[in-house]
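Enquirer: the sequence and its predicted three-dimensional model are supplied below.
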Amino acid sequence: MLELLATLGLLSRLLLPALPPASSPTTLHQPPAEVKAVYVTSNMVRHPQFQYLRQLLRDTELNAVVINTKEPWGPRLDDGLRRTVAELKAEGVWTIARHVTFQDDDLAERRPELALKRPDGKLWRDNGGRTWVDPTNRQVWQHNADIARRTMALGFDEINLDYVRFPSDGDTKTISYPSWNKVISKEDSIAGFIAWFRREIKATKPDVILSADVFAYALVEDWDLDIGQRVSKLAPVLDVIAPMAYPSHYYGKNFGYANPAEHPYEVVRQTLELGRPLMVNAPKIIIRPWLQDFDMGAEYTAPMVLAEMKAVKDAGYNDGWMLWNPRNVYTRGALADDKQ
C-alpha cells in the first residue's frame, strides 16, 4: 500500500492582481450527459499546438476540456484565457478548470507561516520537490476560494480540485503543520474544507459544478489512505468524484496482476465496481474517472484506451470520463468520429 501511495504521489495568492471585470456574467449551460474530456496544461492552452486539440474536439466524440488554471506556482488567469473559454463554450464544449489546491509553491514561498515545515524550520518538500500549505488553515482555504471566484469569472463551467488532500510521499512523518492539531482527523479536515469551499463558490455561482480528483485506491478500500481522501465522506459534499484510475499507478499484484498496467479493462472495472458501495450516502454523486492515455507500465494503444472506456460502461457508470496525458497528446484511434 505504501508503495502504491508513493507511486501515485510522484505522479492564490492572498494578494492577487485583478483581472478586468467581465462585461456580464456568463450563464452556465448544463453539462453533457456523458462528459468526454481531455486534459490541457496552462502552457498548452496558450500555445499554437492547442489548435490541434481544438480540432480534435470538433472532429470527435470529445465534448469537454480540463484546463489548468491554478498551478503549484500560482494561478494562470488572464483575458486570453477568458476569450478561449468563450470560444470553446460557443462550440458547445464543457469547460473544466483544474485547480491544484494544497500543493502550492507560490503561497508557501510568499507566506511561509502557512506552509508545511521540516523539523529544522525549512519548507518541507515532497518527493517531487514541491512545497505544500496546511490543508486546515482558514487563510489557505480563503486563498483557494478567491482564486476559484476569479476562475469562474472567466466563464468556466466546473471547478476540478486536485491535490485536495494531505501529502502522500516524502518524509511525511516529520512534517510540522502550522494549523492542523491532529485532533480533527485528516478525512474530516478534507471533507470540511470541501464542504466550506462548495458553499463559498456556489454562493457566487450556484450552478457551478464542483469535482475533485482522488486516488483510485480510495474506491478499493473504505479508508482515507492517510491523506484525507475517504470517498464515503467526500461524496456528500461534491457533485463529481474523479478517481485517477490509471492502471500503471497500481502496485504490482493489485487485483492479482503482476503488472496491472497491462490489464486496463480489468483494473478500471474492478476499481469502479468496488467503489459503488461507498457512495450509498450520496445517491446523486457522479463518478467520472480519469483514464490513462500515456505510456507507463505498458504501451497504451487505441485498444488499451478503448478497453478503459468500455470498463467504465460495463461497471455501470454512464457519466463519462476524462483522458490524462501530461504531454497533451491523445490517441486519435480511441475516439469516435463526429460526436457519435
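Expert: Everything's here; your move.

Enquirer: now the strands: where do they sit in the stretch 51-200 of the chain?
Expert: Along the stretch 51-200 of the chain, counting by DSSP state E, counting those that start in this stretch, strands occupy 64-71, 74-75, 94-100, 158-162.

Enquirer: going along the chain, name the helices of the stretch 101-250 of the chain.
Expert: Applying DSSP state H, counting those that start in this stretch to the stretch 101-250 of the chain gives helices spanning 105-110, 138-153, 186-204, 231-234.

Enquirer: of all those, which one is nearest G129?
Expert: helix 105-110 (8.9 Å; C-beta to C-beta). Where you see a C-beta, it was placed from the backbone N, CA and C, and this is true even at glycine.

Enquirer: and the closest one, which residues are buried?
Expert: D105, D106, L107, A108 (16 or more other C-beta atoms under 10 Å).

Enquirer: and for stretch 31-46?
Expert: Neighbour-count burial for stretch 31-46, counted by 16+ other C-beta under 10 Å, picks out 31-32, 34-42, 44-45.

Enquirer: which residues does D162 contact?
Expert: R98, H99, V100, T101, A212, D213 (C-beta atoms under 8 Å, 6 or more residues apart in numbering).

Enquirer: CSV for the residues you listed, including neighbour count?
Expert: Conversion of the contacts of D162 to CSV gives the following (neighbours: other C-beta atoms under 10 Å):
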residue, neighbour count
R98, 26
H99, 26
V100, 25
T101, 27
A212, 28
D213, 26
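
Enquirer: tell me the two of those residues that are most distant?
Expert: With distances taken as C-beta to C-beta, the most widely separated pair in the contacts of D162 is V100 and A212, at 11.8 Å.

Enquirer: follow-up on the earlier one: which one of the contacts of D162 is nearest to V329?
Expert: Once C-beta to C-beta is applied, the member of these that ends up nearest V329 is R98, at 17.5 Å.

Enquirer: just confirm that closest one contacts P72, I think it does.
Expert: No. R98 is not in contact with P72 according to C-beta atoms under 8 Å; the separation is 11.7 Å.

Enquirer: doesn't L62 make contact with L335?
Expert: Yes. With contact defined as C-beta under 8 Å, L335 counts as touching L62 (6.2 Å).

Enquirer: so what sits against both of these two?
Expert: L56.

Enquirer: return the helix or strand in the protein with minimum mean pLDDT.
Expert: Lowest on mean pLDDT, DSSP states H and E among the helices and strands of the chain sits helix 2-10, with a mean of 40.
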